[in-house]
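[1] coordinates only, sequence not included:
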């Protein structure tokens with residue numbers, strides 16, 4: 001006899017119940033992951049990780065770089081505005 005013929009009804013029912021339990025756990029995990037509240041929480045944690053290091057201290061180098069980039073972009077926009085205004 002093959003394995004499928006040797007399995008009884010009880011074993012098949014147990015396999016179905018185990019599969020059903022795994023699927024329910026997977027669905028619950030997916031619902032938890034895609035919850036808007038949890039998605040927002042993860043985004044806030046990622047943003048904080050960009051600004052603070054593992055010890056909770058500010059990442060000053062990164063902040064200085066971002067500040068310099070902002071100043072550069074604003075300066076470039078002001079120059080372009082001034083050059084276009086001269087025409």
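    Here it is on my side, so go on. Because the structure is predicted, anything quoted here is derived from the model rather than measured.
[2] what residue ranges in the chain score low on pLDDT?
    Confidence mapping of the chain against pLDDT under 70 gives the ranges 1-5, 87.
[3] the helices in it, which residues?
    Counting by DSSP state H, the chain has helices at residues 3-6, 9-34, 36-51, 60-85.
[4] With mean neighbour count as added columns, please give those in JSON lines.
    C-beta coordinates here come from the backbone N, C-alpha and C atoms, glycine included. Converted to JSON lines, the helices of the chain look like this (neighbours: other CB atoms under 10 Å):
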{"stretch": "helix 3-6", "mean neighbour count": "7"}
{"stretch": "helix 9-34", "mean neighbour count": "10"}
{"stretch": "helix 36-51", "mean neighbour count": "10"}
{"stretch": "helix 60-85", "mean neighbour count": "10"}
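[5] Could you measure from the residue nearest the centre of the chain over to residue 61?
    Note on the chain: the residue nearest the mean C-alpha position is residue 42, at 5.8 Å, using CA atoms, centre = their mean. Counting by CB to CB, to the nearest Å, the gap from residue 42 to residue 61 is 25 Å.
[6] same question, residue 34
    35 Å.
[7] repeat for residue 83
    In terms of CB to CB, residue 83 sits 33 Å off from residue 61.
[8] do the same with residue 46
    18 Å.
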